[in-house]
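1. Output the structure for:
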Amino acid sequence: MEYGASIWSPYWKKDIIKLESVQRRATKIESLRGVTYDERLKILDLPLLEERRRRGDLIQMYKIKKRKDIVNFHHPPKSFDHQLSSRRNNCRIRRQSTKWRIRHHFFTNRVSSDWNCLSQEIIDTDNINIFKNAIDKIFNF
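-> Here you go, the predicted structure:
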């Protein structure tokens, strides 16, 4: 269910519900009979799929920025001017303005608000595991 999550991430509510229903069924195990879905997730220490996709998007953006993954974007993500972006980090991403709804939910637009909230020291980490632990603390994944 996570394969290709950074490429295809549903934005229609009906698609999100369908994907989440797969996890609902998968967590219905005999020992958790009669327990609500939210309680099952807590017991099994699983996040909602939407949270997992957000986390995956941030990790993918980290890999792209650190050049651990090379992505040939048709329209590469644009950064803010370094002088104007001193609030959080100097790698802030601009959202692409678009007239097409499907492009509105493109990877860089999905990840930009969460990415721009990160501090410079988190983005500057050289170890991906340190980055993962830091975003888990910040976003409570």
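2. pLDDT of stretch 59-72, averaged?
-> Averaging pLDDT along stretch 59-72 yields 87.
3. quick one: buried residues of that stretch?
-> Buried residues in stretch 59-72, counting neighbours by 16 or more other CB atoms under 10 Å, are found at Ile59, Gln60, Met61, Tyr62, Lys63, Ile64. Placement of C-beta: from N, CA and C, glycine included.
4. what about the last one, which SS state?
-> Pointing back at Ile64 there. helix (DSSP: H, G, I helix; E, B strand; the rest coil).
5. was I right about it contacting Asp57?
-> No. With contacts counted by CB atoms under 8 Å, Ile64 stays clear of Asp57, the gap being 10.5 Å.
6. So what touches stretch 19-35?
-> Met1, Pro10, Tyr37, Glu39, Arg40, Leu41, Ile43, Leu44, Leu46, Leu48, Leu49, Glu50 (CB atoms under 8 Å, 6 or more residues apart in numbering).
7. Poorly predicted segments of this protein, please.
-> By pLDDT under 70, the weakly predicted segments of the chain are 1-8, 74-90, 96, 98, 100-104.
8. Let me see the contact set for the residue minimising distance to the centre of the chain.
-> The centre of the chain sits closest to Arg54, judged by CA atoms, centre = their mean, with a distance of 2.0 Å. Residues counted as contacts of Arg54 (CB under 8 Å, 6+ apart) are Asp114, Phe139, Phe141.
9. Let me know how buried the second one is, in neighbour terms.
-> Yep, that's Phe139 we're talking about. 15 (other CB atoms under 10 Å).
10. what sits against it?
-> Phe139 sits next to Glu51, Arg54, Arg55, Leu58, Asp114 when contact means CB under 8 Å, 6+ apart.
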